[in-house]
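sharing a sequence plus its predicted fold:
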Amino acid sequence: MMLILAIAMISCSALMAQQQPSTITNNIAEKEDFSFNETTHDFGKIPQGRPVTFTFMMKNISATPVHLTTVQAGCGCTTPKWKSGVYNPNEETAIEVGYNAANVGAFNKTVTIIYDDNKMKTIYIKGEVVKD
């Protein structure tokens, strides 16, 4: 009986030791470099053939300057306008995102912000194009 109890205690200790690193890792939050007025903008229902735009305001909330490298739309129907450059802590910049509203139906599009040469942040636009 004592042998079974000892084996059970050792097994439980081994399992707990394996779980601790993942628990610690999950509690470490990834540091954000930017804050946004919105990360997803919903245009709601928009008439077909009437392009729409929304301006995402992006603020550097890190302690160091951040170099905005590029902003890429997920498709040709979405066009971002932005200014490349280095943004100091607490400095803001605008990313204007347009959608052409050519096709009827729901849409959910991505815009990827690439900064410091290899870091990425994705923002989204969505809505529904309806016949005018």
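Thanks, I have the structure now. Residues are numbered from 1 along each chain as shown.

check contacts around residue 47.
Residues in contact with residue 47 (Cβ atoms under 8 Å, 6 or more residues apart in numbering) are 101, 129-132. (Glycine included, C-beta is placed from N, CA and C.)

who's it bridged to?
residue 130 (DSSP bridges).

got a winner among the contacts of residue 47 for most neighbours?
residue 129 (23 neighbours; other Cβ atoms under 10 Å).

that residue touches residue 105, doesn't it?
Yes - with contacts counted by Cβ atoms under 8 Å, residue 129 reaches residue 105, the gap being 6.1 Å.

export the helix or strand where residue 124 lies to CSV, keeping only CA atoms.
Assigned by DSSP states H and E, residue 124 falls within strand 119-130. Provided in CSV are the C-alpha atoms of strand 119-130 (Å, rounded to 0.1, in the frame of the first residue of the first chain):
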residue,chain,number,x,y,z
LYS,A,119,6.8,43.0,-36.6
MET,A,120,3.2,43.0,-37.7
LYS,A,121,-0.2,44.3,-36.5
THR,A,122,-3.5,43.7,-38.3
ILE,A,123,-6.5,46.0,-38.4
TYR,A,124,-9.8,45.2,-40.0
ILE,A,125,-12.7,46.8,-41.9
LYS,A,126,-16.1,45.1,-42.4
GLY,A,127,-19.6,45.9,-43.5
GLU,A,128,-22.1,45.0,-46.2
VAL,A,129,-22.5,46.5,-49.6
VAL,A,130,-26.2,46.7,-50.6
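
from the contact counts, what lies against it?
strand 40-47, strand 52-60, strand 92-99, strand 105-115 (3 or more Cβ pairs under 8 Å, 6 or more residues apart in numbering; DSSP states H and E).
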